[in-house]
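Asker: Make a model of this:
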Amino acid sequence: MVNQQHLPSVVTASSTSFLQARKRVLVGYRDWIRSSRWIADNYQLDIPSDVIRNRIRSEYNRFKGVSDLQTIDLLIYKSRTDYEETMNFWKQTTHVMRYFDAPRPEDAKPTDFLGRFYAGRD
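Answerer: Purely as a prediction, here's the structure:
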């Protein structure tokens, strides 16, 4: 069972090797996976915990190909702070549900010149 007490603050640390970074990534992944049922219960989500686990897995797989050590450390830090905010109940249900929303077509970035110009993008 996941500890419902407040988690200690996130400590920033730099990995000295890819092996150390991999271990830190796996620790974070396991923490998220183990907490999926707690998140579903305490945020009163209408989503089963296996769907939450699949979403966590897809988020980790999204960054699977990152090979820069500093970028990996940054992603580890972001994951850990997000985990801390979720487990300390500093988020509201709507914040957690945003992870399960499908991308909206109006959020798509324009690709042609005029579309980017009208959007105020380069």
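Asker: Next one: residue 120 relative to residue 113, how far apart?
Answerer: 13 Å (Cβ to Cβ, to the nearest Å). Backbone N, C-alpha and C define where each C-beta goes, glycine included.
Asker: same check, this time on residue 45
Answerer: Taking Cβ to Cβ, one finds residue 45 at 42 Å from residue 113.
Asker: same thing with residue 90?
Answerer: From residue 90 over to residue 113 the distance is 42 Å, taken as Cβ to Cβ.
Asker: these two touch, right, residue 119 and residue 110?
Answerer: Yes: using Cβ atoms under 8 Å, residue 119 is in contact with residue 110, at 5.4 Å.
Asker: between residue 45 and residue 113, who's got more neighbours?
Answerer: Set residue 45 next to residue 113 and count neighbours by other Cβ atoms under 10 Å: residue 45 wins out with 17 against 8.
Asker: Can you give me every residue that contacts that one?
Answerer: By Cβ atoms under 8 Å, 6 or more residues apart in numbering, the residues touching residue 45 are 39, 52, 93, 96, 97.
Asker: give me that answer again for 10 Å
Answerer: Taking Cβ atoms under 10 Å, 6 or more residues apart in numbering as the criterion, residue 45 is in contact with 36, 39, 51, 52, 93, 96, 97, 100.
Asker: residues near residue 67, how many?
Answerer: Applying other Cβ under 10 Å, I find that residue 67 has 7 neighbouring residues.
Asker: try residue 48
Answerer: 12.
Asker: ditto for residue 80
Answerer: Applying other Cβ under 10 Å, I find that residue 80 has 21 neighbouring residues.
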